[in-house]
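Asker: quick check, what structure comes out for this input:
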Amino acid sequence: LYSSIEGADRVLVPWRGVYPQATAHLAAALTGGHEGSKVVLLGTVDEAAVSESDVSVDVEGNPLSDGGTGTEGAPETTPSPVPEGGTAVSATRLETLAGDLQERYGVPTEVVLVSAPDGRASATTVLRTVVDTNCDLVVTPYETADGALTRFVGDLFRSETDVLVHRSADGRDRWQDVLV
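Answerer: Now for the predicted structure:
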């Protein structure tokens, strides 16, 4: 008749839909102020777009020249421009949003970028990332096809993971009322 559960402190947000930034803001607002909380932004790039020219980048979009460990202690050099490949651009966009969410809501925000055959994460990929990042809630944009929820949303609902589907009104990221 009654159960008490811990709040969703670790939230995964797949970068999908028309207003993914609004969904990320909702996730950060839900977790803000909770000790141990975090938001993980999950981005995808098309497998075919991933090329040898894609490089690991830091949060400013500068290439990491040492295989991904940063350039601390290395001699000062002028960074070469980041290629316009899908990985670098996607990582930079998500890292910028992560910084904005951390500043606005005070919640640590991480970025995970994966490749997918069509550039969109499947429910299987999202659920695998939930486990890999120790998340306990997925906050995803509302998606329909032919008047019904998409298979992606349905597969998430059929999983053992808690799911919140966000239907944005014009990309708003400030709310007076929330109906759950």
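
Asker: from here on, just use CA atoms for contacts and neighbour counts.
Answerer: Fine.

Asker: got a list of what Val139 touches?
Answerer: Taking C-alpha atoms under 8 Å, 6 or more residues apart in numbering, we find Val139 in contact with Val11, Leu12, Val13, Pro14, Thr23, Ala24, Ala27, Val163, Leu164, Val165, His166.

Asker: which helix or strand contains the residue nearest to it when sequence neighbours are not counted?
Answerer: Ranked by C-alpha to C-alpha, 6 or more residues apart in numbering and with sequence neighbours excluded, the top spatial neighbour of Val139 is Leu164, at 4.8 Å. Leu164 belongs to strand 162-166 when assigned by DSSP states H and E.

Asker: for the record, mean pLDDT for that strand?
Answerer: For strand 162-166, the mean pLDDT works out to 92.

Asker: stretch 25-33 now?
Answerer: The pLDDT scores in stretch 25-33 average 87.

Asker: rewinding a little: against Thr124, how distant is the residue nearest to Val139?
Answerer: 17 Å (C-alpha to C-alpha, to the nearest Å).

Asker: higher neighbour count, the two?
Answerer: Set Leu164 next to Thr124 and count neighbours by other C-alpha atoms under 10 Å: Leu164 wins out with 20 against 13.

Asker: which residues sit in contact with that one?
Answerer: Leu164 sits next to Leu137, Val138, Val139, Thr140 when contact means C-alpha under 8 Å, 6+ apart.

Asker: ok, now with 10 Å
Answerer: By C-alpha atoms under 10 Å, 6 or more residues apart in numbering, the residues touching Leu164 are 11, 13, 23, 27, 137-142, 153, 156-157, 180.

Asker: elements contacting the least confident helix or strand in the chain by mean pLDDT?
Answerer: Ranking every helix and strand in the chain by mean pLDDT, DSSP states H and E puts helix 86-105 at the bottom, with a mean of 87. Under the contact criterion of 3 or more C-alpha pairs under 10 Å, 6 or more residues apart in numbering; DSSP states H and E, helix 86-105 touches helix 20-31, strand 38-46, strand 109-116.

Asker: closest to Gln102 out of these?
Answerer: Nearest of the helices and strands packed on helix 86-105 to Gln102, taken as C-alpha to C-alpha: strand 109-116 at 6.1 Å.
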